[in-house]
Structure formats: C-alpha cells, structure tokens
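S.K.: only geometry, no sequence info:
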C-alpha cells in the first residue's frame, strides 16, 4: 500500500523496482517542474543486484521537486580490512553470528564495510552516503527502502527513513540533512540494520 510520510523534512513519493547498495557521491536536481519519466539502472554490490529508479518526486512547501539520488561512481575493488566505524565484534553481537572476513571499499566520505560469516557467507554491510542536498539524501534512502513497501524508521533520533524485510534478509536506511546511512543484514529482522546504523552514527558523531 502506497503512503506518504515525512523523511528528512519532506514528504516523498517514489516508485522503485528493487533494492541494493549504490556508490553515491553527488546529486542532480531539477527546478520545480513536472517530473520526467524515471529511468532505471542495474547496480551490483557484493552479492546483491537490483534495479533502482533514478528519480524521486518530493513535495516541500507546496512545490513539486524531482531530485535524483547521488549517481553511482566507480568504486575500487573490496579489500580485506577493518571497518573504521563499526567493529566486527559489534556486528557479530547485533546479528548473532560469528564474523569471518571483513572487506572495505575505499570510497568517500567513509568506506563501505562488508561483513562475512565465519563460513564465508554474507552477513551484513553498511554504507554512508554524502549527498549535495537533503532531498538527494532522501532519494538515496528511498532507492533502498521504497516508501510503498517499507516501514517508517526514526532511529537514531533526528534521522528518518525506512526499513523492510527482503528475501535475502533486511535493510534499514535513514537520512539526516545531506547524509544517508544504509545497512543490510542477512537476518530477516530490521532491528539488526537499525542497531548497526545507530552504532555507526554514534561512533562517527554524525
């Protein structure tokens, strides 16, 4: 069921064909006009591939604005390492599974962190996106947790977005100002992603 809810200070409506993680560093926004047809692109991160719409239409102060999420940018290959803002121990405790290898993708403003189970299977991932505007940060969140198929999320305090359960697990994404944080877990409980986001935001002082 489609609904309108407030995210990052604006009411947003969006149609998205799937979910996934994208590498995002910029933003495109059109002046108040009728929204153009949404295009799609295929994005692959780790073992997740999804079709994502590139536009979000939001209403702020009675004006319709079409804002694109920050575009995908080239990313270096992941390398084994340690996540600088979310420890293996925290991820293991939150998800209730032992961690194995952790990989990082060196992007700005903070690396993407991908966690694997001790048996090598996927466990969790977290990405921090810095957009040019709050509307673009909202659009980035809505790419991963479409309003029409997700539940409202309001944690940590001051952050807004959504959460949803997927065939692969769950995803939790929220934004505040121009920053968005997206966490995925192999557990079909959105509280897992929420706890990872809360810990990362606290550790980084965002």
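M.R.: Happy to help now that I have it. Owing to the predicted nature of the structure, the values given are computational and were not obtained by experimental measurement.
S.K.: ok, and what's touching the helix or strand where residue 197 lies?
M.R.: Counting by DSSP states H and E, the element that carries residue 197 is helix 190-204. For helix 190-204, the external contacting residues (C-beta atoms under 8 Å, 6 or more residues apart in numbering) are 85-86, 90-91, 94-95, 110, 124, 126, 128, 151, 153, 155-156, 159, 163-165, 169-174, 181, 183-185, 206. Quick note: C-beta positions are derived from backbone N, CA and C, even for glycine.
S.K.: mind running it again at 6 Å?
M.R.: 85-86, 90, 94-95, 126, 155-156, 163, 170-172, 181, 183, 185 (C-beta atoms under 6 Å, 6 or more residues apart in numbering).
S.K.: could you flag which of those residues are buried?
M.R.: Of all those considered here, the ones buried according to neighbour count by 16 or more other C-beta atoms under 10 Å are 85-86, 90, 94-95, 126, 155-156, 163, 170-172, 181, 183, 185.
S.K.: just curious, which of those is nearest to residue 143?
M.R.: Using C-beta to C-beta, residue 171 is the member of the buried ones among the contacts of helix 190-204 that sits closest to residue 143, with 10.5 Å.
S.K.: Whichever strand or helix holds the closest one pairs with which strands?
M.R.: Element membership for residue 171 (DSSP H and E) is strand 170-176. The strands beside strand 170-176 in its sheet (DSSP bridges) come out as strand 160-165 (antiparallel), strand 179-185 (antiparallel).
S.K.: between those, which one is nearest to residue 140?
M.R.: Once those are compared by C-beta to C-beta, strand 179-185 is nearest, at 4.5 Å.
S.K.: quick one: the biggest strand by length in the chain to helix 190-204, angle?
M.R.: Taking DSSP state E as the assignment, the strand of the chain that covers the most residues is strand 122-130. Strand 122-130 and helix 190-204 meet at an angle of 50 degrees, taking axes from the mean of the first three to the mean of the last three C-alpha atoms, to 10 degrees as the criterion.
S.K.: Identify the neighbouring strands of strand 122-130 in the sheet and state each direction.
M.R.: Checking strand 122-130 against DSSP bridges gives partners strand 112-117 (antiparallel), strand 179-185 (antiparallel).
S.K.: tell me the mean pLDDT for the longest one?
M.R.: Taken as a whole, strand 179-185 carries a mean pLDDT of 96.
S.K.: which residues in this structure form helices?
M.R.: Under the criterion DSSP state H, the chain contains helices at 88-95, 134-144, 190-204.
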